[in-house]
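Participant: I'd like to go over a predicted model; first the sequence, then the structure.
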Amino acid sequence: MLTALTLALLVSLAPAQEETPPPTPEQVELAVSAIESGLEEHDLEATLAAIEAAKTVPHEDVTEALGEAARTPELEIGVAALDALGRIEHDSAVAELKKVRKKAKKLLDEEAWAIELWRAMGRRGDAELIDELADGSVTAQHFKVDRARILALGKIRSPKSVEALMDLMKRIAIKEVNGFMDPFRASLGALTGQDAGHNRPLWQAWWNDNKRSLALPEEEAVIENKKIRVVWEGFWKDRKQKDDEGDGGR
């Protein structure tokens, strides 16, 4: 059984935020063993505490342990582990997220889990994940999950994200497209600073005029429309803030 003292030690051993050296082997071992022990003992509280602490121990062994936790049938643990994979400052989390998606396809049917997977991929901001997010159609049947894919693409600052968004928009059935235009406007606005409203033909005309020479602003663009800005900012709130406000599934 993991003790509060052990978890406190893990947090205290974790490197500070500014100009930090890599974690020591002892820190890595403690982070991994804390997650594994919590899972083996089916101790929800200890596992969640270990996952939270592991965010501060950037190492490929830790991301692998988080990936294992993400694939557990216990959804609260899986969602927390996905959130950690989106935030831990180690590039190996990108490959781990791809592996999680490949090995845990059944969990994609769980709405909260799937939303957190796409959010984690977007938060990584890595162009290697664009194809993962753009894979498949967008339908009203899976509105919340597909909305998350659209909003996640808006966090990956690459012209390929814009191309993927425009391709997804083009493939939505006419009778369903209006329901998805808020997240499309949010992502395209954050990426490009443009807003063609809810008019798909206007967006397609803009894309046709700009796709060959598109250069994104270095920083995330400010979304001027208040309603669309709320959609964007609401999706990217921290999980604790979402839970406090009662909108954890958005």
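Facilitator: Alright, I've got the coordinates.

Participant: what's the domain layout of this structure?
Facilitator: Taking automatic domain parsing as the domain assignment, the ranges for the chain are 1-15+24-124, 130-244.

Participant: quick one, what contacts Leu202?
Facilitator: By Cβ atoms under 8 Å, 6 or more residues apart in numbering, the residues touching Leu202 are Ala196. No exception for glycine: its C-beta is placed from N, CA and C like everyone else's.

Participant: what strand or helix carries it?
Facilitator: Leu202 belongs to helix 200-210 when assigned by DSSP states H and E.

Participant: average pLDDT across that helix?
Facilitator: Average pLDDT, helix 200-210: 97.

Participant: return the set of buried residues in the helix or strand following that helix.
Facilitator: Per DSSP H and E, helix 200-210 leads on to helix 226-235 as the next helix or strand towards the C-terminus. Within helix 226-235, the residues scored as buried using 16 or more other Cβ atoms under 10 Å are Ile228, Arg229, Val231, Trp232, Phe235.

Participant: and helix 226-235, what other elements does it pack with?
Facilitator: If you count contacts as 3 or more Cβ pairs under 8 Å, 6 or more residues apart in numbering; DSSP states H and E, helix 226-235 packs onto helix 143-153, helix 174-192.

Participant: winner for burial among those helices?
Facilitator: Of all the helices and strands packed on helix 226-235, helix 143-153 has the most neighbours on average by mean count of other Cβ atoms under 10 Å, namely a mean of 23.

Participant: any chance you could list what contacts it?
Facilitator: 108, 111, 114-115, 118-119, 121-123, 130, 133-134, 138-139, 161, 164-165, 168, 179-180, 183-184, 186-187, 231-232, 235-236, 249-250.

Participant: what's the angle between the following helix or strand past that helix and helix 174-192?
Facilitator: Remark: after helix 143-153, the chain's next helix or strand is helix 159-171, criterion DSSP H and E. With axes from the mean of the first three to the mean of the last three Cα atoms, to 10 degrees defining the directions, helix 159-171 sits at 170 degrees from helix 174-192.

Participant: between helix 159-171 and helix 200-210, how many degrees?
Facilitator: Using the same axes, to 10 degrees: helix 159-171 against helix 200-210 is 140 degrees.

Participant: which residues touch helix 159-171?
Facilitator: By Cβ under 8 Å, 6+ apart, helix 159-171 touches 127, 130-131, 133-134, 137-138, 149-150, 153-154, 177, 180, 184, 187-188, 191-192, 200, 203-204, 207, 211, 214-216.
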